[in-house]
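Trainee: quick one, what's the 3D model for this:
(one chain, ligands or ions: 2)
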Amino acid sequence: MEKLKIAVQKSGRLSEKSLQLLKECSIKLTNGNRKLISVSSNFPIEILFLRDDDIPQSIYDSVADIGIVGENEFVEKNYPLKIYKRLGFAKCRLSIAIPKTENFDSLEYFQNKKIATSYPFILKSFLKKNNINAEIHQISGSVEISPGIGLADGIFDIVSSGSTLISNGLKEVEKVMDSEAVFIGNPNIKTTKKEILEQLLFRINSVQQANSNKYILLNVPKGNLDEVIQIIPGMRSPTIMPLIDDEWCSLHSVVNEQEFWEVIDQLKSAGAEGILVAPIEKMIL
Ligand code: ATP
Ligand code: MG
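Mentor: Numbers count the residues shown, from 1 in each chain. Ligands and ions are numbered 1, 2, ... in the order given. Okay, here's the model as predicted:
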């Protein structure tokens, strides 16, 4: 039977979350990520473990059908591939930073300056769009030390908390793009493989829905039921169950976890008690 080949980062910031996502989709893999290839015993996929830099090209060359990479890597490599799904993890941004002691007013600062980066394509397009004529110095690792050793005036690199910048005496002055892990693939995938991909995306959607929603149960005095139903966001038709105590009932529903926390105080003042919040494993819409 035909298998969908998925390229996943061998070891790095994307690896664990990528495998976890497949696991949450109930996909079993026969061996760990030590091997180059892993096959699933219960879903028609094969995992290829590669360096993230090599994933876009491996898909372009049809070595893999789809892959999970940071959007930054996908945009930088600039292959004619398509994003099938945004995955919401490995969130970071690509920004330009300069020594913190420098004054910065506008991008004009970078005219005729030198910027070190591992993302020359993205930086070049950004500078061109803003009519800045700066020299791009391409290096592959430890970009953040280059201003300190006199290699460049600024850097263009991945930022998440900003602590690496701070510890290298740098400050972020311009965000160029946001990034997160994405599922990429050739725009034209042959029908048999497309069907497997669609099943996989369906499972991922169910997992993502489940992760952001919770099953809630609360006891409510019957007289306050309408008020409570108004408070809980997005609740269309909650289940109401009787309790031994005739004055009370139990209300069950599914709510977005974030929205739920925003209304918890209102629920309590409307008399809700015994509030339980339980995880949902899969949510099929
Ligand atoms: P490889 O050895 O596979 O080439 P790498 O060193 O190039 O790995 P990692 O550091 O593992 O790459 O990062 C992989 C991706 O994770 C990045 O391209 C980016 O999208 C994302 N990422 C990197 N740093 C962070 C961070 N601090 N927070 C969140 N996401 C990040
Ligand atoms: Mg890499």
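Trainee: bridging residues for whichever residue of the stretch 1-150 of the chain sits closest to ligand 1?
Mentor: When Cβ to the nearest ligand atom is the measure, the stretch 1-150 of the chain has its nearest residue to ligand 1 at Gly70, with 2.0 Å between them. C-beta coordinates here come from the backbone N, C-alpha and C atoms, glycine included. Bridge pairing for Gly70 (DSSP bridges) gives the partners Ala181.
Trainee: that one and Ser15 touch, don't they?
Mentor: No - look at Gly70 against Ser15 with Cβ atoms under 8 Å: they stay out of range, at 11.9 Å.
Trainee: more crowded one of those two?
Mentor: The neighbour comparison of Gly70 against Ser15 (other Cβ atoms under 10 Å) goes to Gly70, with 25 against 16.
Trainee: residues in contact with the more buried one?
Mentor: By Cβ atoms under 8 Å, 6 or more residues apart in numbering, the contact set of Gly70 is Leu14, Asp52, Ala90, Cys92, Ser179, Glu180, Ala181, Val182.
Trainee: now Val176: how far from ligand 2?
Mentor: Plainly put, Val176 is 18 Å away from ligand 2 if you go by Cβ to the ion, to the nearest Å.
Trainee: what's the helix or strand for that residue?
Mentor: Using DSSP states H and E, Val176 falls within strand 170-179.
Trainee: what residue ranges in the stretch 101-250 of the chain score low on pLDDT?
Mentor: Counting by pLDDT under 70, the stretch 101-250 of the chain shows low-confidence ranges at 233-236.
Trainee: at 50 what do you get?
Mentor: Flagging of the stretch 101-250 of the chain using pLDDT under 50 yields an empty set of residue ranges.
Trainee: ok, and of the contacts of Gly70, which contact ligand 2?
Mentor: Applying Cβ under 5 Å from the ion, the subset of the contacts of Gly70 adjacent to ligand 2 comprises Asp52.
Trainee: columns distance to Tyr119 on top of the contacts of Gly70, output as TSV?
Mentor: Formatted as TSV, the entries for these read as follows, by distance: Cβ to Cβ, whole Å:
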residue	distance to Tyr119
Leu14	16
Asp52	13
Ala90	15
Cys92	12
Ser179	10
Glu180	16
Ala181	17
Val182	16
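Trainee: can you narrow the contacts of Gly70 to ones near ligand 1?
Mentor: Among these, the residues within reach of ligand 1 (Cβ under 6 Å from any ligand atom) are Leu14, Asp52, Ala90, Cys92, Ser179.
Trainee: up against ligand 1, what does the chain have?
Mentor: Among all residues of the chain, those adjacent to ligand 1 (criterion: Cβ under 6 Å from any ligand atom) are 9, 12-14, 51-53, 70, 72-73, 90-92, 158, 160, 179.
Trainee: Lys77 - nearest residue in space that isn't next to it in sequence?
Mentor: Here the nearest residue to Lys77 in space, its sequence neighbours aside, is Pro56; by Cβ to Cβ, 6 or more residues apart in numbering that works out to 3.9 Å.
Trainee: do you have the helices of the stretch 151-285 of the chain handy? List them.
Mentor: Listed in chain order, the helices of the stretch 151-285 of the chain (DSSP state H, counting those that start in this stretch) span residues 163-167, 191-212, 225-231, 257-269.
Trainee: please point out which parts of the second one sit buried.
Mentor: The neighbour-count check on helix 191-212 (16 or more other Cβ atoms under 10 Å) flags 193, 196-197, 200, 203-211 as buried.
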